[in-house]
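In: from the sequence below, what's the structure:
(one chain, ligands or ions: 1)
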Amino acid sequence: MNAIFRIFLLSALFLILSTGLFSQQVALTFDDAPRSDGALYTGLKRSEILIKKLKEYGIPQVAFFSNSINMDDVGTLRIKMYGQAGHIIGNHTHSHSRINDLGVEAYIQDIQKAHDVLQDLPGFHPWFRFPFLDEGKDESSRDQLRKALGEMGYLNGYVTIDNYDYYLEYMYQQAMKENKKINYDLLKDLYIEHIWESMQFYEEMGRKLLGRSPKHVLLLHENDLAALFLDDLISFIRGEGWEIISPVDAYKDPIAQQSPDVLMNNQGRIAALALEDGWKPQSLVQKSESEAYLKDYFARKKVFR
Ligand SMILES: [Zn+2]
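Out: Numbers count the residues shown, from 1 in each chain. Prediction:
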């Protein structure tokens, strides 16, 4: 092979590698559905907007992890709407309690209670998302829960990309209640920026730990900010070369079969695997995953006046 041909081959390989043939993949998941009415949208309106935007942007399947305590008539209708639109309905316990507050036995009953409500709804999958991503503060509770979920035929609906979207929503709802003037352009930019920083952070962790880009699962919440900015977020993610995939596809990643032997799972599956691998706990959190940081950042940018 002559030198020029070799350079040509190397350039072609570089082009292929850099133009997204091996682009990163992420599935979208929304916790705490059906969440109550917000200051901007009623719960029903929010569900309609989310379904419409997902359809318009050609995303056939996301997952909604549900708390059955919120499933009154309208709440049940909303969960059915998601299922009928082709989305996945998962279990997020009945009451969204902490394991330590309820005790393991009652917590398992809380999972079963939600299961009884959700199991016959369209789109239901036996997937369980731990509230607060808390899988148990001691080995005994963690292992009892893993065993119980296994016996119920459940998959751990883990996330790989943790973030503080719930806190941004909290700040937004507070500002609305206080009748503050909202700069929606800034709010949108900061929402996307925070989620994108989280995506990059866990992608880099995944590459370092696994030597490859894992199929990601992004944690979002079924809140007003998601309804407001989902379309912009999707466009941004795609613009960065990432592909949005179904959660069914994401949970085919080999990391779905792993059960990290750690007690800290609240940063998601990749961070838990990194901790198990000996990484320092402080290396598993990025700077914007902090209420104080975000509060200060929003104040400096004057998002609410
Ligand atoms: Zn939750």
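
In: quick one: low-confidence parts of the chain?
Out: 1-22 (pLDDT under 70).

In: which ones are touching V217?
Out: 26-27, 29, 157-161, 247, 250-251, 268-269 (C-beta atoms under 8 Å, 6 or more residues apart in numbering). No exception for glycine: its C-beta is placed from N, CA and C like everyone else's.

In: now the residues you listed in CSV, with distance to L44?
Out: Below are those laid out as CSV (distance: C-beta to C-beta, whole Å):
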residue, distance to L44
V26, 28
A27, 25
T29, 21
G157, 25
Y158, 29
V159, 26
T160, 31
I161, 28
P247, 24
A250, 28
Y251, 29
G268, 30
R269, 33
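
In: of these, list those near the ion.
Out: Contacts with the ion are made by none of the contacts of V217, judged by C-beta under 5 Å from the ion.

In: strands of the stretch 51-200 of the chain, residue ranges please.
Out: Counting by DSSP state E, counting those that start in this stretch, the stretch 51-200 of the chain has strands at residues 63-66, 88-91, 124-128, 155-156.

In: can you name the residue of the stretch 51-200 of the chain nearest to the ion?
Out: The minimum distance from the stretch 51-200 of the chain to the ion, using C-beta to the ion, falls at P131 (4.4 Å).

In: could you give the number of residues near that residue?
Out: 19 (other C-beta atoms under 10 Å).

In: before we move on, the earlier item: helices - which of the contacts of V217 land there?
Out: P247, A250, R269 (DSSP state H).

In: most packed of the strands of the stretch 51-200 of the chain?
Out: strand 63-66 (a mean of 28; mean count of other C-beta atoms under 10 Å).

In: from the ion, how far out is the nearest residue to Y191 once chain neighbours are set aside?
Out: Distance criterion C-beta to C-beta, 6 or more residues apart in numbering; nearest residue to Y191, sequence neighbours excluded, is F229 at 5.3 Å. To the ion, F229 is 19 Å away according to C-beta to the ion, to the nearest Å.

In: quickly find the element holding F229.
Out: helix 224-239 (DSSP states H and E).

In: show me what from the stretch 1-150 of the chain comes close to the ion.
Out: So far as C-beta under 5 Å from the ion goes, the stretch 1-150 of the chain lies against the ion at D31, D32, P131.

In: hmm, try it at 6 Å
Out: Residues of the stretch 1-150 of the chain found near the ion (C-beta under 6 Å from the ion) are D31, D32, H92, H96, P131.

In: send the alpha carbons of the biggest strand by length in the chain over as CSV?
Out: Longest strand of the chain, by residue count under DSSP state E: strand 25-33. Backbone C-alpha positions of strand 25-33 (Å, rounded to 0.1, in the frame of the first residue of the first chain) are rendered in CSV as follows:
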residue,chain,number,x,y,z
GLN,A,25,-27.7,7.2,22.0
VAL,A,26,-30.1,8.2,24.6
ALA,A,27,-33.7,7.3,25.6
LEU,A,28,-36.0,9.7,27.3
THR,A,29,-37.8,8.8,30.5
PHE,A,30,-40.2,10.9,32.6
ASP,A,31,-40.7,10.2,36.3
ASP,A,32,-43.6,11.0,38.7
ALA,A,33,-46.4,10.8,36.1
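
In: in that strand, what counts as buried?
Out: Buried residues in strand 25-33, counted by 16 or more other C-beta atoms under 10 Å: Q25, V26, A27, L28, T29, F30, D31, D32, A33.
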